[in-house]
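S.K.: generate a structure from the sequence data that follows.
(chains A and B)
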Amino acid sequence: KQEVTQIPAALSVPEGENLVLNCSFTDSAIYNLQWFRQDPGKGLTSLLLIQSSQREQTSGRLNASLDKSSGRSTLYIAASQPGDSATYLCAVTGFNKFYFGSGTKLNVKP
Amino acid sequence: EAGVVQSPRYKIIEKKQPVAFWCNPISGHNTLYWYLQNLGQGPELLIRYENEEAVDDSQLPKDRFSAERLKGVDSTLKIQPAELGDSAVYLCASSQGSRTGELFFGEGSRLTVL
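M.R.: Next up, the predicted model:
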């Protein structure tokens, strides 16, 4: 069974820092990997989708990479802002199923 | 383009009462999911529909939970009777395909059982 792990569970950084969030998965046979953002009391908002044939995707200050062979993905956030404070979750797609990590709770301090 | 719409956003009931949640997916998305999310955890799949067919309901507690997706569009998730442990956020999501499609979520329905 696919297992998805996100470390650290929580992260606090000062505004302006560049940071990396990690996602690891146990089974490299995936179709794609998706990063989400979740604000308190809200649903999940899709940030980036990386197809299994791709190595990375970029959107604004966000860059996500995928290394299937090592079972890892990273989400890079450049020049962090207080508005980036949220929980970030990754999910991998296996055979007709999405497997989610528990998320990294990010706090960006002004 | 409208996103995934869920209602109600919040529901407080006493144990043993019934409750129902409604979801309208993104237009054209044939795959619909219901997830349960507990505080501090990732979503857990309850049921997945391909059009109107429930193709994965292995994690749905069928003694008290039921779901339907009439005409392959809107969906309803019902709990009867509710238990204290059912307090959680119920998330609906949709995608154009279950293998490679991007997943889009609604705002969720937060259930509190007293």
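S.K.: isn't residue A:25 up against residue A:71?
M.R.: Yes: with contact defined as Cβ atoms under 8 Å, residue A:25 reaches residue A:71; the gap is 4.9 Å. In this view, the C-beta of every residue, glycine as well, is placed from N, C-alpha and C.
S.K.: out of those two, which sits in the more crowded spot?
M.R.: Neighbours were tallied for residue A:25 and for residue A:71 using other Cβ atoms under 10 Å in any protein chain shown; the higher tally belongs to residue A:25 (24 against 19).
S.K.: so what's the more buried one up against?
M.R.: Neighbouring residues of residue A:25 by Cβ atoms under 8 Å, 6 or more residues apart in numbering or on different chains: A:2, A:3, A:4, A:5, A:33, A:71, A:72, A:73, A:92, A:99.
S.K.: ok so residue A:83 is a strand residue?
M.R.: No: when DSSP: H, G, I helix; E, B strand; the rest coil is applied, residue A:83 is found to be helix, with no strand at that position.
S.K.: what's near enough to touch it?
M.R.: residue A:108.
S.K.: distance of it relative to chain B?
M.R.: Summarising the geometry, the distance separating residue A:83 from chain B, computed by Cβ to the nearest Cβ, to the nearest Å, is 19 Å.
S.K.: same question, residue A:57
M.R.: 11 Å.
S.K.: for the closest residue to chain A within chain B, helix, strand, or coil?
M.R.: In chain B, the residue found nearest to chain A is residue B:42; the distance is 3.2 Å by Cβ to the nearest Cβ. Three states are possible here, and by three-state DSSP the one that applies to residue B:42 is coil.
S.K.: if we can go back for a sec, ok, the contacts of residue A:25 vs residue A:108, which is closest?
M.R.: The shortest gap between residue A:108 and any of the contacts of residue A:25 belongs to residue A:73, at 20.9 Å (Cβ to Cβ).
S.K.: ok, the closest residue to the closest one other than its chain neighbours - contacts?
M.R.: When the adjacent residues along the chain are set aside, residue A:73 lies closest to residue A:23, with 4.4 Å between them (Cβ to Cβ, 6 or more residues apart in numbering or on different chains). Counting by Cβ under 8 Å, 6+ apart, residue A:23 touches A:4, A:5, A:6, A:33, A:35, A:72, A:73, A:74, A:75, A:90, A:101.
S.K.: residue B:75 now?
M.R.: B:22, B:23, B:25, B:32, B:34, B:49, B:67, B:68, B:69, B:92.
S.K.: residues of the lowest-mean-pLDDT helix or strand in chain B that come out buried?
M.R.: Ranked by mean pLDDT, DSSP states H and E, the weakest helix or strand in chain B is strand B:53-56, scoring a mean of 91. Taking 16 or more other Cβ atoms under 10 Å in any protein chain shown as the basis for neighbour counts, the residues of strand B:53-56 that come out buried are B:54, B:56.
S.K.: for that strand, packing partners?
M.R.: Using 3 or more Cβ pairs under 8 Å, 6 or more residues apart in numbering or on different chains; DSSP states H and E as the contact criterion, the secondary-structure elements in contact with strand B:53-56 are strand B:44-50.
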